[in-house]
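>>> mind folding the following:
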Amino acid sequence: MRSTKQFILFGNIGDESSRNEFAQYLLSKLEGKKTILPKKNTFNSYLEAINSIIDDKQELVELATESATVKEQVFEEIINLVKNSHRASILEESNLQEKKTLDNLAVLSPTEFKKSWTKNEELLNPVKEDINLDFYKKQWGILKQKEQETKKEKNTPNKQLGKIQTGFNILKKHIYDSLEKQFLYKKAVQEIAIIDKWRKKLVNSLYKKVDQLSQLKKLLNPFTKNLGRLWDLSEGSWQNINFNVLKKYSEILKNDASLQELAELLGRYRKAEIEYEEKLIKTTEIKTTWVVNRAAKSELVGVRESNDLNNLLPAELALLSDELMTYAFYKKFAEHKLQTYKFIGREQHDLIVSKKDKQQVKKKKDKGPIIVCVDTSGSMHGTPEHVAKVLSFALLKIALEEERKCFLISFSTSIETLELTQLAESLDRLVSFLSMSFHGGTDPHPALEKALKMTKKETYADADILLISDFVINNLDDNMKELIKRIKEKGNKLNSLVIGDSYNIHLTNQFTNNWIYTPNERGNLIHLVEQVRKSF
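Below you'll find the predicted structure:
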């Protein structure tokens, strides 16, 4: 991750090795994996706070595991906690009296230290509660008296005075070490308090984001892949979103199987059409054959004349037993006339034969974008409005799940548009649409003009259009009819979902498919599902 590399290479705490150990530990925590404690103690004071942040919110690990973007964002925020608290600790450290006294004591020369206890006491007085000032005063006095007595002696050896000076040096170092021990303790306590302060501050904002993202995850399951894009918005527009509205429509879809199936069917505008293409398939066949190997001897097949001494017949060997017949043997040998056994060797070989054949294979087309036009006029108030909203919400979920573009156009006498698949920027507008009351007159021309114009864009070129309305609407003008004709000839489908039974049949004739839903008729939704299924 970019933020991880930046921290390891350019972090201003510790060295690169210790930062790398700490980064790997933090990433393992966020991924829910087994952690290995850093060998170096540079970040030890932060481990307890970080463990608390991650372990106390299981949803944090779940979200970070599912989304690399969320994991990177959380990593950055925790690293910022480390940086901010480290910076604050350094500032507060300089204000500790022990730090100031230590710095002054460090530059105090041995001569100055032994010169006058009054100055030493003045230097150490602000931290007298942290060290035994009386004890050190007494020891300084003993050394000072010993030095004075030694100097009064005649021929005082320098070696003796050197030992006394060493005593002053040891005393000073003892004071320094005791004071440093107190300083490190106070520094650690102060650092822990600062880290905890920043931890609480981070937890307040971090857990709020996690809760909101977890809620969205439940309501918009397909959007889980893109939760990271929403991370930075959790302190912005989300504050005014009524998540209960999303929950309401999510539960309706979940509980109404027919409505859910209808939404899924409507979402398959450009369904995965199956095409067949001829494809040359190379196949390999293995045939077994036998090959004669002259050098091998595995099978006796007869007798032959040769000079092969290894395979002589016994009768030929008998010639060598008689001195007179020996010459006859040599003559037959020279003429290749000796009777010898005949062998033949055969080996099994696999012959690979390649051939090409034609085979039908399936090829799927990608599903196209969705453009939904929803009638929000006053005549849609009530059940038609409810059905239109549920289907719009359902189509959004389907589009997100299938990674398809989805564009919503709401219309009455004017239009409102919403790019549903850009939910990170328009979640609040979606909720506003689901919360709004339908009112006003009906004019589908602006909505259809916008939808048809959208198909001229590359991203919506193969989009199909669904218009949801009660179709209590006047006829379309001739110009619009011509535009619809052209878009249908291009291959785009213009479908309608008619809610109610008082629709304008002349208008619906302009659409590729018309599906009619009458809310008051029992079983009508199931019948509608069957109608839609037949169209695919």
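>>> where does L179 land on pLDDT?
Looking at L179, its pLDDT reads 91.
>>> let me fix that: G141
For G141, the predicted pLDDT is 93.
>>> same thing with T340?
Taking T340 on its own, its pLDDT is 88.
>>> name the SS class of it, please.
strand (DSSP: H, G, I helix; E, B strand; the rest coil).
>>> contacts only, for it.
T340 sits next to 303-306, 308, 311-313, 316 when contact means Cβ atoms under 8 Å, 6 or more residues apart in numbering. C-beta coordinates here come from the backbone N, C-alpha and C atoms, glycine included.
>>> which of these has the largest number of neighbours?
L312 (20 neighbours; other Cβ atoms under 10 Å).
>>> quick check: closest non-adjacent residue to it.
T340 (5.7 Å; Cβ to Cβ, 6 or more residues apart in numbering).
>>> doesn't I164 belong to a strand?
No - going by three-state DSSP, the assignment for I164 is helix, not a strand.
>>> count of residues packed around it?
When counting by other Cβ under 10 Å, one arrives at 18 neighbours for I164.
>>> distance of it from E147?
5 Å (Cβ to Cβ, to the nearest Å).
>>> list the contacts for the nearest residue to N132 once chain neighbours are set aside?
With Cβ to Cβ, 6+ apart as the criterion, N132 has its nearest non-adjacent residue at 7.9 Å, and that residue is S178. Going by Cβ under 8 Å, 6+ apart, S178 touches 130-132.
>>> buried residues, whichever strand or helix holds E76. List them.
Per DSSP states H and E: E76 is located in helix 68-95. Across helix 68-95, burial judged by 16 or more other Cβ atoms under 10 Å covers 69-79, 81-82, 84-86, 88-89, 93.
>>> could I get the contacts of S178 in CSV, plus columns for pLDDT, neighbour count and secondary structure?
Shown next, in CSV, are the contacts of S178 (pLDDT from 0 to 100; neighbours: other Cβ atoms under 10 Å; DSSP: H, G, I helix; E, B strand; the rest coil):
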residue, pLDDT, neighbour count, secondary structure
D130, 84, 18, coil
I131, 87, 19, coil
N132, 89, 12, coil
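>>> from these, which is closest to L395?
Of all the contacts of S178, L395 sits closest to D130, with 70.8 Å by Cβ to Cβ.
>>> okay, the closest one and Q190: tell me how far apart.
Taking Cβ to Cβ, one finds D130 at 14 Å from Q190.
>>> and if you look at S94?
For S94 relative to Q190 (Cβ to Cβ), the value is 11 Å.
>>> secondary structure element for the residue nearest to L171 when sequence neighbours are not counted?
Distances taken as Cβ to Cβ, 6+ apart place Q139 nearest to L171, at 5.5 Å, with adjacent residues excluded. For Q139, the host element (DSSP H and E) is helix 133-152.
>>> flag every buried residue along that helix.
So, applying 16+ other Cβ under 10 Å, buried residues of helix 133-152: 133, 136, 139-140, 143-144, 147.
>>> which elements pack onto that helix?
helix 110-115, helix 117-124, helix 158-219 (3 or more Cβ pairs under 8 Å, 6 or more residues apart in numbering; DSSP states H and E).
>>> who are the packing partners of the second one?
In this case it means helix 117-124. Going by 3+ Cβ pairs under 8 Å, 6+ apart, helix 117-124 lies up against helix 97-107, helix 133-152.
>>> what angle separates the shortest one from helix 68-95?
Okay, so that is helix 97-107. Orientation of helix 97-107 against helix 68-95 (axes from the mean of the first three to the mean of the last three Cα atoms, to 10 degrees) gives an angle of 60 degrees.
>>> ok, and what's touching helix 97-107?
In contact with helix 97-107 (Cβ under 8 Å, 6+ apart) are residues 93-94, 123-124, 126-127, 130, 172, 175-176, 179-180, 182-183, 186-187.
>>> which of these has the most neighbours?
I175 (25 neighbours).
>>> circling back to that earlier point, reformat the contacts of T340 as TSV; add distance to E323 and pLDDT.
Shown next, in TSV, are those (distance: Cβ to Cβ, whole Å; pLDDT from 0 to 100):
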residue	distance to E323	pLDDT
V303	26	84
R304	28	85
E305	24	88
S306	25	87
D308	24	83
N311	25	82
L312	19	84
L313	21	85
E316	16	84
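>>> list the contacts for A88?
194, 198.
>>> what's the domain layout of the chain?
What automatic domain parsing lists as the domains of the chain is 1-238, 263-270+366-534, 276-357.
>>> thinking again about what came up before, then the helix holding Q139 to PDB, C-alphas only?
Provided in PDB are the C-alpha atoms of helix 133-152 (Å, rounded to 0.1, in the frame of the first residue of the first chain):
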ATOM      1  CA  LEU A 133      18.700  16.300  48.000                       C
ATOM      2  CA  ASP A 134      19.900  16.100  51.700                       C
ATOM      3  CA  PHE A 135      21.900  12.900  51.000                       C
ATOM      4  CA  TYR A 136      23.700  14.500  48.000                       C
ATOM      5  CA  LYS A 137      24.300  17.700  50.000                       C
ATOM      6  CA  LYS A 138      25.900  15.600  52.800                       C
ATOM      7  CA  GLN A 139      28.100  13.600  50.300                       C
ATOM      8  CA  TRP A 140      29.200  16.800  48.600                       C
ATOM      9  CA  GLY A 141      30.100  18.300  52.000                       C
ATOM     10  CA  ILE A 142      32.200  15.300  52.900                       C
ATOM     11  CA  LEU A 143      34.100  15.400  49.600                       C
ATOM     12  CA  LYS A 144      34.600  19.200  49.900                       C
ATOM     13  CA  GLN A 145      36.000  18.900  53.500                       C
ATOM     14  CA  LYS A 146      38.300  16.100  52.400                       C
ATOM     15  CA  GLU A 147      39.600  18.200  49.500                       C
ATOM     16  CA  GLN A 148      40.300  21.200  51.900                       C
ATOM     17  CA  GLU A 149      42.200  18.900  54.300                       C
ATOM     18  CA  THR A 150      44.300  17.400  51.600                       C
ATOM     19  CA  LYS A 151      45.300  20.800  50.200                       C
ATOM     20  CA  LYS A 152      46.500  21.900  53.700                       C
END
